[in-house]
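Peer 1: Have a look at this prediction, sequence included:
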Amino acid sequence: MAVTVHGVNPTSTIALLKERARALKHGREAPDRRKVGLIVEGGAMRGVISCAALLALEELGMTDVFDEVYGASAGAVNAAYFLAGQAAYATSLYYQKINNTRILRRLWHRKLVDIDDLFNSVIAGERPLRIDKVLASRSRLFITIADASTGEAFMSVAQLSDTPLLTLLKASAAMPLLYNSLVNVDGRDCFDGALINPLPIPDAIESGCTDLLVLFTRPASFRECMPTRLEQHIFDLRCAHGNTQLMRAFCNTYLRENAVRDIALGRQPLLDGINIATICPEETDPKIERMTRDAALLRGAATASAKRTFEAFGHPVREFIEVLRPYPAIQREEVAAAEELSIGAVYDRRHTRNGRYRRRS
């Protein structure tokens with residue numbers, strides 16, 4: 001199956017990434033004099049699509065090929081797991097740990113998505129993110145966050161911020177219409193950055209990126225719509241509280257998002273020398289919404305996304321298999337120590353008082 005990679009000179013970006021991965025495999029850096037960025041789209045449970053694409057990049061040895069990585073909401077969380085070398089592990093969380101009524105709650109709850117439980121019990125608890133590896137990554141992680149007072153989105157660089165990484169990620173994922181709470185970042189009340197700046201492609205270009213790989217979670221045909229009157233009313237009640245500047249930002253985000261999608265898909269001209277490769281789901285893929293819980297649908301969408309990404313980089317995959325592994329992982333040192341104790345016990349049982357082995361009959 002031929003995969004369509006959208007964008008502007010997408011083959012140039014794909015070739016550049018493959019060359020960087022080859023160079024890193026041999027312990028050197030490719031002297032390409034380019035600045036490469038990765039843009040990861042979120043969308044609550046639709047994040048399983050971009051996370052599975054990151055899984056493929058991880059398998060292709062591309063965890064360290066990007067100079068800068070950008071994400072908002074679930075896209076930022078996925079990006080963090082990717083930089084920690086845990087993209088495959090994070091993909092399974094969508095259909096094993098998150099798709100339940102503990103996290104995605106019933107309609108009568110004020111918090112339809114319990115971000116507190118997600119971060120406390122899963123991301124910092126049962127399936128922990130390797131924060132140390134993210135902060136040690138050569139790729140700078142840009143997390144998009146929105147200021148609840150001004151309605152302006154801003155970027156926080158994980159490796160440079162004094163705010164803990166999990167706080168930044170939680171602020172970026174705090175969806176006003178689903179979580180209905182704010183997260184304090186350096187004295188500012190903040191919420192989901194994707195609500196104001198869902199695709200920070202212009203920010204990456206302004207930062208000097210010459211090549212971008214964009215991972216969408218919606219098909220190329222998707223167009224965002226203006227928030228309905230009901231959505232505007234709920235946003236005003238739960239977040240804006242009469243703040244006209246914030247309401248204006250919320251209502252106009254769809255214009256910015258559609259314009260940026262056109263850039264990513266190669267429908268709008270760019271400055272010479274900037275290349276973009278965009279991978280997005282097909283219309284025929286399993287349909288994932290923000291609150292999808294169905295494990296089979298989530299797994300199917302993840303499989304389709306990973307296959308498409310492998311294919312885009314010239315590595316077609318016929319099928320995927322799931323391997324059972326213990327969690328937490330058994331460390332080899334622990335196994336070696338256990339074997340040593342076991343051997344010692346057997347030796348003691350067979351040893352006679354005068355220091356010789358007992359002969360078996």
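Peer 2: Arrived safely, thanks for sending. Residues are numbered from 1 along each chain as shown.
Peer 1: Leaving aside the residues adjacent along the chain, what's closest to D162?
Peer 2: Take D162 and drop its neighbours on the chain: the residue closest to it by Cβ to Cβ, 6 or more residues apart in numbering is D186, 7.6 Å away. (C-beta placed from N, C-alpha, C; glycine too.)
Peer 1: So which residues make contact with stretch 32-39?
Peer 2: Outside of stretch 32-39, the residues that reach it under the criterion Cβ atoms under 8 Å, 6 or more residues apart in numbering are 13, 16-17, 19-20, 65-71, 75, 79, 139, 199-201, 204, 207-215, 264.
Peer 1: err, stretch 82-93, not the other one
Peer 2: Stretch 82-93 has contacts (Cβ under 8 Å, 6+ apart) with 40, 48, 51-52, 54-55, 57-59, 63, 69, 77-78, 81, 122, 127, 129-131, 133-134, 137, 139, 141, 302, 306.
Peer 1: Just the ones of those residues in strands?
Peer 2: In strands, defined here by DSSP state E, the members of those are V40, V69, L141.
Peer 1: nearest to A295, of those residues?
Peer 2: Distance ranking of the ones in strands among the contacts of stretch 82-93 against A295, using Cβ to Cβ, places V40 first at 22.5 Å.
Peer 1: I'd guessed that closest one sits against S50; true?
Peer 2: Yes: V40 sits in contact with S50 when judged by Cβ atoms under 8 Å, with a separation of 5.0 Å.
Peer 1: Pull up the overlap in contacts between these two.
Peer 2: Shared contacts of V40 and S50, defined by Cβ under 8 Å, 6+ apart, comprise G75, N78, L215.
Peer 1: Type out the PyMOL command that picks the buried ones from the residues you listed.
Peer 2: Selecting just the buried residues from the shared contacts of V40 and S50 in PyMOL takes one command, with 16 or more other Cβ atoms under 10 Å as the test:
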select buried, resi 75+78+215
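Peer 1: Can you lay out the shared contacts of V40 and S50 as TSV showing distance to E282?
Peer 2: What follows is the shared contacts of V40 and S50, written out as TSV (distance: Cβ to Cβ, whole Å):
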residue	distance to E282
G75	20
N78	20
L215	14
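Peer 1: Phi first, then psi, for the nearest residue to D147 once chain neighbours are set aside.
Peer 2: Distances taken as Cβ to Cβ, 6+ apart place R188 nearest to D147, at 5.4 Å, with adjacent residues excluded. Torsion angles at R188 (phi, psi; degrees, to the nearest 10) stand at phi -110, psi 130.
Peer 1: Specify which member of the ones in strands among the contacts of stretch 82-93 is nearest to R238.
Peer 2: Scanning those for proximity to R238, where the rule is Cβ to Cβ, the winner is V40, at 26.7 Å.
Peer 1: And stretch 272-291, end to end?
Peer 2: Using Cα to Cα, to the nearest Å, the end-to-end distance of stretch 272-291 comes out at 40 Å.
Peer 1: got it, and stretch 197-204?
Peer 2: The distance separating the two terminal residues of stretch 197-204, taken as Cα to Cα, comes to 12 Å.
Peer 1: Pull the distance from that stretch to the chain's centre.
Peer 2: Relative to the mean C-alpha coordinate of its chain, stretch 197-204 is positioned 15 Å out (Cα atoms, centre = their mean, to the nearest Å).
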